[in-house]
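> Kindly generate the corresponding structure for this input.
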Amino acid sequence: MNISIPDFFHALADETRLRCIALIHQTGELCVCELTHALGVVQPKISRHLAILKGAHILRDRRAGVWVYYHLPPELPGWMVKVLNDTVMSVRDQEPFCTDRKRLNEMPSRSQNGCS
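Numbers count the residues shown, from 1 in each chain. Predicted structure coming up:
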């Protein structure tokens, strides 16, 4: 996998993108509707940030009917996985990251299998 190191860090430097990555990292996979609910951000903004993360090869998507789910690619280089692990562990109990996780867990239309 050919991931540009500057693109990787540039993608993580934005708070909205970092919040998306933190939630996806903690849950394994999320769709746009889950991210918009958790972050309290409009869908076009979330989609724009997800496109940047996907373009930097930090995220992949999977279509399931009308839903598109985002996840971390399993072939990320080890050092990138370590950076993501350490970063998520460092921010998970800080605002707004802990509130994002709480809002996601309280999302009324969310099932164990994602959006419905």
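
> where do the helices sit along the chain?
Assigned by DSSP state H, the helices in the chain fall at 5-12, 15-27, 32-39, 43-55, 78-91, 97-105.

> Taking helix 97-105 as reference, get the angle to the second one.
This points to helix 15-27. Counting by axes from the mean of the first three to the mean of the last three Cα atoms, to 10 degrees, helix 15-27 lies at 60 degrees to helix 97-105.

> mind checking how far helix 15-27 is from the chain centre?
In terms of Cα atoms, centre = their mean, to the nearest Å, the centre of helix 15-27 is found 4 Å from the chain centre.

> The first one too?
Helix 5-12 has its C-alpha centroid displaced from the chain centroid by 14 Å (Cα atoms, centre = their mean).

> can you list the residues that contact it?
17-18, 21, 52-53, 55-58, 80, 83, 87 (Cβ atoms under 8 Å, 6 or more residues apart in numbering). The C-beta positions use only the backbone N, C-alpha and C, and glycine is treated the same way.
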